[in-house]
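In: Requesting a structural model of the entry that follows:
(3 chains)
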Amino acid sequence: MSEGQPAPAEVTTLPVAAVLVDMPLPHLDKPFDYAVPDSMLGTAVPGSRVRVRFAGRLVDGFVLERRAGSDHPGRLAALVRVTSPEPVLTPEVAALCRAVADRWVGSCSDVLRLAVPARHARVEKAEQPEPPQVGAASPAAPPVSAADATAWQAYQGGTELVGALAGRRAGPGAGPRAVWTAAPGEDWPARWAELAAATLFAGQGTVLVVPDQHDLARVSAAMRTRLGPESFVSLSADLGPAERYRRFLSVSRGQVRVVVGTRAACYAPVADLGLVGIWDDGDDLHCEPHAPYPHSRDVLLLRAHLAQCAAVVGGWARTAEGQRLVSRGWARDVVPHREALRARAPRVVTADDDVAVARDSAGAAARLPHVAFTAVREALARDEPVLVQVPRRGYRAGLSCASCRAPARCPVCSGSLQQASSHALPACGWCGRPAADWTCSRCGSQRCRYAVLGTARTVEELGRAFPQVPVRQSVSPHVLAAVPGEASLVVATPGAEPATAAGYGACLLLDAWLLLGMPGLRAGEETLRRWLGAAAQVRPSGSGGTVVVSADPSVRQVQALVRWDPQWAAARELEERQELRFPPAAALVSLTGTAAAVAELVEVSEVERSTPGVELLGPVVTGEAGESERMLVRAPLAGLSAVAAALRGGQGMRSARKARDAVRVQVDPYDLL
DNA sequence: TCAATCCGTATC
DNA sequence: ATACGGATTGAC
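Out: Numbers count the residues shown, from 1 in each chain, chains lettered A, B, ... in the order given. Take a look at the predicted model:
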């Protein structure tokens, strides 16, 4: 049914429909059988939307499949009506939603809300006259040209990846899987378009997920160039209901085989899926803010596994999760060849605390590391723009060592230390133990403190130091797409760096120690990700491109930036997580709710007995009023599905017995890590 | 003896 | 969630 044609005749005679009702209660999260009245035999097809009577109420649901009979011992109720015969929920996506609900301890109907956009009747009708173009195959696959593989020659394993995608035959057998580190200055949207073109050449479709609108615009432009405007769609939440449904239909009806989009595009019903891809999987925009809070990378990897298709995880940087795919042999490393790096990478220098004091005409002083001052002056003299990356406002720095600035961690469970008030003792944010006699594990100091942001002043002073140069700001929500290639100071928050045709002449990464001291275990990874994202926009060292980072050169992330070796840093990061038993080397699930509710869930789910090696951490009091508390369940990675199943069972029991307060369950809670 | 109510269980 | 059934309670 990949072409959206009517269901085969034998299906339309089956008198029973398995329906997934839109009911978020965990214990009702399974299909129910309904009798299909004769009048609906042809329209209540698998994937269609129906209305049924359920527990005395009229509710919406999806037909999962049609069956000859039912195992249900009682009499079947009849479908009330078919809301729409359009098969919007394909079997592949239905199975994906089930797997996502299982893995993230949620209900299938919650996931379906993310996966299938709201119906828009007018659009559905207007787009209807779609003649069954027999023989006229879906838009001709563009020939995969030698040019598609050329740019990939800069990467170890790159040519093989493109070749494997293009040469794959439909059918069983997993496709190629890769974790791709983009070379500095890379035209990454064009590279994705080439991967999609290669997959299309093999007769298969692609789903590519990017963090935000700006990246989506870039990838869409590249797809338009490579594949033509009719061969792909971009899907995002802010399209509006009509346009969103129109584009979704063009995919589910098999008219378009390539989808690019943000989070929800993970579930796009691309026919004969050949490749799933994600760009910049370290960006927290890939974390779904609605229950059950799945991460796009993990949804896509699950989908690749279920559909046996190819998967590519790409970015300037690499997450510990991405590295794990490589280290356990599931995916191949696709990284720039040494020569490519030499030719394309900017020079990276570290700035010590040696500060130059420049004075403008009014005599105001700017404090700036000497090498930074020099790099800016030289780039401006060449009439090139200079990028200054500043931390996003609102970042709360964490407790860190007062002398060496290493993040302060709990000596027992390695959680981040926090301080409820300025007079309170620091305590662990995970297990709640007070850390009265804290000692820095790196330098032995016994004092810790909160880091303070001081960026605004630095930028202001920079502007004063170079008064003749325009200062352009690219800070959300006023993000600049591009800036002209002329002398200017461009101040941008991470991820909001404007493009500039020939690249920046210099880039300043200031207050680095402050970013590295952010709470949570992603501080190091996240800092390097931001640095690489900015530094990748700088001209090669051969053209004078210079990146200045104000941090201790012995810090791992600084070394990785200097050598442009994100995979090395990710491998170290992963080793550390293994030692500390953090994700992705261990499963971590947080349970949040009232003290009684959390305790009850732990009790009835028997999560402690679900798999060997489970640990319960906490509880800690959370929320401003201290009204709720949180417990963490930690287990060896192999035990995640058992832990998830136990918690799902427990949630089911609690909801069946009408327990008063709900418990929020989050698997690998990003904001905590 | 019958109704009103409570609790537990199923929801096709 | 609702809806139903069986047990329980209370008043005639």
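In: For the closest residue to DNA strand C within the stretch 401-550 of chain A, which non-adjacent residue is closest in space?
Out: Closest to DNA strand C within the stretch 401-550 of chain A is residue A:432: 30.9 Å, counting by Cβ to the nearest atom of the strand. All C-beta spots, glycine's among them, are computed from the backbone N, C-alpha and C. Leaving out its chain neighbours, the residue that sits closest to residue A:432 by Cβ to Cβ, 6 or more residues apart in numbering is residue A:620, at 3.9 Å.
In: partners of the one you found in the sheet?
Out: Beta-bridge partners recorded for residue A:620 (DSSP bridges): residue A:630.
In: That one: neighbour count?
Out: Neighbour count for residue A:620, taken as other Cβ atoms under 10 Å: 18.
In: What of residue A:468?
Out: 8.
In: Helix, strand, or coil at it?
Out: coil (DSSP: H, G, I helix; E, B strand; the rest coil).
In: I'd like the distance between it and DNA strand B.
Out: According to Cβ to the nearest atom of the strand, to the nearest Å, residue A:468 stands 72 Å off from DNA strand B.
In: just to revisit the earlier point, just the pLDDT at the residue nearest to residue A:432, thanks.
Out: As predicted, residue A:620 sits at a pLDDT of 89.
In: check which helix or strand covers residue A:567.
Out: helix A:566-580 (DSSP states H and E).
In: tell me what that helix is packed against?
Out: strand A:177-181, helix A:320-327, helix A:523-535, helix A:556-563 (3 or more Cβ pairs under 8 Å, 6 or more residues apart in numbering; DSSP states H and E).
In: near DNA strand B, which residues of chain A show up?
Out: A:25, A:27-28, A:32-35, A:53-55, A:70, A:72, A:74, A:76-77, A:656-658 (Cβ under 7 Å from any atom of the strand).
In: one more time with 6 Å, if that's ok
Out: With Cβ under 6 Å from any atom of the strand as the criterion, chain A comes near DNA strand B at residues A:27-28, A:32-34, A:53-55, A:70, A:72, A:74, A:76-77, A:656.
In: gap between residue A:446 and residue A:407?
Out: 16 Å (Cβ to Cβ, to the nearest Å).
In: Which one's more surrounded, those two?
Out: More neighbours surround residue A:407 than the other of residue A:446 and residue A:407, with 23 against 11 (other Cβ under 10 Å).
In: Residue A:290 should be in a helix, yeah?
Out: No - Residue A:290: not assigned to a helix; according to three-state DSSP it is coil.
In: Pretty sure residue A:110 is one of the things it touches, is it not?
Out: Yes - at 7.3 Å, residue A:290 and residue A:110 qualify as touching, with contact defined as Cβ atoms under 8 Å.
In: Neighbour count for those two, which is higher?
Out: In terms of neighbours (other Cβ under 10 Å), residue A:110 is the more surrounded of residue A:290 and residue A:110; the figures are 22 against 12.
In: Contacts (any at all) between DNA strand C and the helix or strand where that one lies?
Out: Using DSSP H and E, residue A:110 sits within helix A:108-115. No - contact of helix A:108-115 with DNA strand C (Cβ under 6 Å from any atom of the strand) is absent, the minimum separation being 13.3 Å.
In: roughly how far out does whatever helix or strand comes next after that helix sit from the chain middle?
Out: Using DSSP H and E, the next helix or strand after helix A:108-115 towards the C-terminus is helix A:121-126. Mean C-alpha position of helix A:121-126 versus that of the full chain (Cα atoms, centre = their mean, to the nearest Å) differs by 32 Å.
In: ditto for stretch A:290-301
Out: Worked out by Cα atoms, centre = their mean, stretch A:290-301 lies 8 Å from the chain centre.
In: isn't the residue nearest to residue A:432 right next to residue A:626, touching?
Out: No - assessed by Cβ under 8 Å, residue A:620 is found out of contact with residue A:626, at 10.2 Å.
In: the domain parsing of chain A - what is it?
Out: Under automatic domain parsing, the residue ranges defining each domain of chain A are A:2-87, A:147-340, A:344-577, A:587-667.
In: Residue A:114 is nearest to which of those?
Out: Residue A:114 lies closest to domain A:147-340 among those, at 5.7 Å (Cβ to Cβ).
In: Deepest-packed of the helices and strands packed on helix A:566-580, please.
Out: Of the helices and strands packed on helix A:566-580, the one with the most neighbours on average (mean count of other Cβ atoms under 10 Å) is strand A:177-181, at a mean of 26.
In: Compute the number of surrounding residues for the closest residue to DNA strand C within chain A.
Out: Scanning chain A for the residue nearest DNA strand C gives residue A:56, at 2.2 Å (criterion: Cβ to the nearest atom of the strand). Counted by other Cβ under 10 Å, the residues lying close to residue A:56 total 5.
In: go on, residue A:101?
Out: Look at residue A:101: counted by other Cβ under 10 Å, it has 23 neighbours.
In: what's near enough to touch it?
Out: Applying Cβ atoms under 8 Å, 6 or more residues apart in numbering, we find residue A:101 in contact with A:29, A:107, A:108, A:110, A:111, A:292.
In: so can I have TSV of the residues of chain A next to DNA strand B showing pLDDT and neighbour count?
Out: Shown next, in TSV, are the residues of chain A next to DNA strand B (pLDDT from 0 to 100; neighbours: other Cβ atoms under 10 Å):
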residue	pLDDT	neighbour count
A:27	95	16
A:28	96	17
A:32	98	19
A:33	98	17
A:34	98	27
A:53	96	14
A:54	96	19
A:55	93	9
A:70	96	17
A:72	94	11
A:74	90	7
A:76	96	16
A:77	96	14
A:656	93	12
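In: So which of these are in helices?
Out: The helices, defined by DSSP state H, take in residue A:656 from the residues of chain A next to DNA strand B.
In: about what we covered before: please identify which pair of the contacts of residue A:101 lies farthest apart.
Out: Within the contacts of residue A:101, two members stand farthest from each other by Cβ to Cβ: A:29 and A:292, at 11.3 Å.
In: and for those two, which residues touch both?
Out: Counting by Cβ under 8 Å, 6+ apart, the residues touching both residue A:29 and residue A:292 are A:101, A:107.
In: any weak-confidence spans in the stretch 451-600 of chain A?
Out: A:451-458, A:519 (pLDDT under 70).
In: Residue of it nearest DNA strand B, please.
Out: Per Cβ to the nearest atom of the strand, residue A:600 is where the stretch 451-600 of chain A lies closest to DNA strand B, at 15.0 Å.
In: Chain A now?
Out: Across chain A, no residue is closer to DNA strand B than residue A:55, which sits at 2.8 Å (Cβ to the nearest atom of the strand).
In: Show me what from chain A comes close to DNA strand C.
Out: So far as Cβ under 6 Å from any atom of the strand goes, chain A lies against DNA strand C at A:25, A:55, A:56, A:57, A:658.
In: Contact partners for the first one?
Out: Residue A:25 is in contact with A:107, A:655, counting by Cβ under 8 Å, 6+ apart.
In: Please report phi then psi for it.
Out: phi -70, psi 130 (degrees, to the nearest 10).
In: and the helix or strand encompassing residue A:590, what does it pack onto?
Out: Counting by DSSP H and E, the element that carries residue A:590 is strand A:586-593. With contacts taken as 3+ Cβ pairs under 8 Å, 6+ apart, strand A:586-593 sits against helix A:595-605, strand A:628-636, helix A:640-656, strand A:664-667.
In: No more questions from me, cheers.
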